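# Provided below are the primary sequence and the corresponding predicted coordinates.
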Amino acid sequence: EAQVTQNPRYLITVTGKKLTVTCSQNMNHEYMSWYRQDPGLGLRQIYYSMNVEVTDKGDVPEGYKVSRKEKRNFPLILESPSPNQTSLYFCASSIDRGTEQFFGPGTRLTVL
Amino acid sequence: SQKIEQNSEALNIQEGKTATLTCNYTNYSPAYLQWYRQDPGRGPVFLLLIRENEKEKRKERLKVTFDTTLKQSLFHITASQPADSATYLCAPRGFQKLVFGTGTRLLVSP
C-alpha cells in the first residue's frame, strides 16, 4: 500500500530535550516536506527536499533541522524544543513540488 | 504578500443539498490550484487539481471552478452526505510550492 508513515504519532516532551520525528514514504517520490498546522494559521511549510541530499527552508524553519540521506526517509529534528513548537506536524511526499501531495497521519507534539 | 482566504466559519447544510466552498487568493497568479479534504486529527487527502487554462473540473460529485480574473476557485459537492463532513483546504501553486489556505469546515446534517 502506497503510504507515508510518521513516528511517533503522539509525543509529550520537555523544553530542551532533543527529539526526532521520523517520516518514510514507499512511493519513490523525489519531493518531501514537513508542515506544521496550528489553529487559524493553516499548514505552514517548515522544510522541504527536492531529492537526496537537497534540502531547503520553508516558511517557518527556525528551531528545526532535517536531513535526506535516503530517498524514502526525511526526519525532522528539534535540537532544543520550546513550547511554541507545540503543534500538529505532517510529513508529505510527491513526485515533484507541484503535484498531488501524499500526507502522513500526523504527529501531535506537546512541549512542556 | 501572497494571501489565501477561505471562509473560516463552518458551512452547515442539509443532506442532499449542494455545498459550495470559496477560495480567494491575492498577490499572485497560480498556474494551478489543488483542493484537499482533511478529517480531524488526520492528514489532508488530495481531491482535485485544476489548471489555469481549465475553467471547470469534475470528479464524481465534486466540481471545481477556477476564475483567474476574479482570483477565485469554487468547490462544489452535489448531493451532499453526512460523510462529506470535513474541512476542505485549497492550495494554489505559489512561487515554487503549494500554499495552503486555512480551510473551511463543512457540516452536513441528515
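Done, it's in. Numbers count the residues shown, from 1 in each chain, chains lettered A, B, ... in the order given.

# show me what contacts residue 16?
Defaulting to chain A. A:S80, A:P81, A:S82 (Cβ atoms under 8 Å, 6 or more residues apart in numbering or on different chains). C-beta here means a position set from N, CA and C on the backbone, and glycine is covered the same way.

# switch to chain B, please.
Applying Cβ under 8 Å, 6+ apart, one finds that B:G16 lies in contact with B:A79, B:S80.

# my guess is B:A19 meets B:P82, correct?
No - shown here, B:A19 and B:P82 do not form a contact pair, counting by Cβ atoms under 8 Å, at 11.8 Å.

# who wins for neighbours among the contacts of A:G16?
The residue in the contacts of A:G16 with the most neighbours, by other Cβ atoms under 10 Å in any protein chain shown, is A:P81 (22 neighbours).

# quick one, what contacts that one?
A:P81 touches A:T13, A:V14, A:T15, A:G16, A:K17, A:K18, A:L19, A:G63, A:L109, A:V111, counting by Cβ under 8 Å, 6+ apart.

# and with 10 Å instead?
Going by Cβ atoms under 10 Å, 6 or more residues apart in numbering or on different chains, A:P81 touches A:11, A:13-19, A:63-64, A:109-112.

# that's a strand at it, yeah?
No - assessed with DSSP: H, G, I helix; E, B strand; the rest coil, A:P81 is coil; it does not lie in a strand.

# pLDDT at it, what is it?
pLDDT recorded at A:P81 is 98.

# equivalent analysis for A:G58, please.
pLDDT at A:G58 comes out at 93.

# just B:E52 next, same as before
At B:E52, the model reports a pLDDT of 89.

# swap in A:P75?
We note a pLDDT of 98 for A:P75 in this prediction.

# over to B:K57?
You'll see B:K57 listed with a pLDDT of 96.

# any idea what B:L49 is bridged to?
Bridge pairing for B:L49 (DSSP bridges) gives the partners B:Q34.

# grab the nearest non-local neighbour of the one residue in chain A that gets nearest to chain B.
For chain A and chain B, the shortest gap (Cβ to the nearest Cβ) falls at A:F103, measuring 3.1 Å. Nearest non-adjacent residue to A:F103, counting by Cβ to Cβ, 6 or more residues apart in numbering or on different chains: B:G43, 3.1 Å away.
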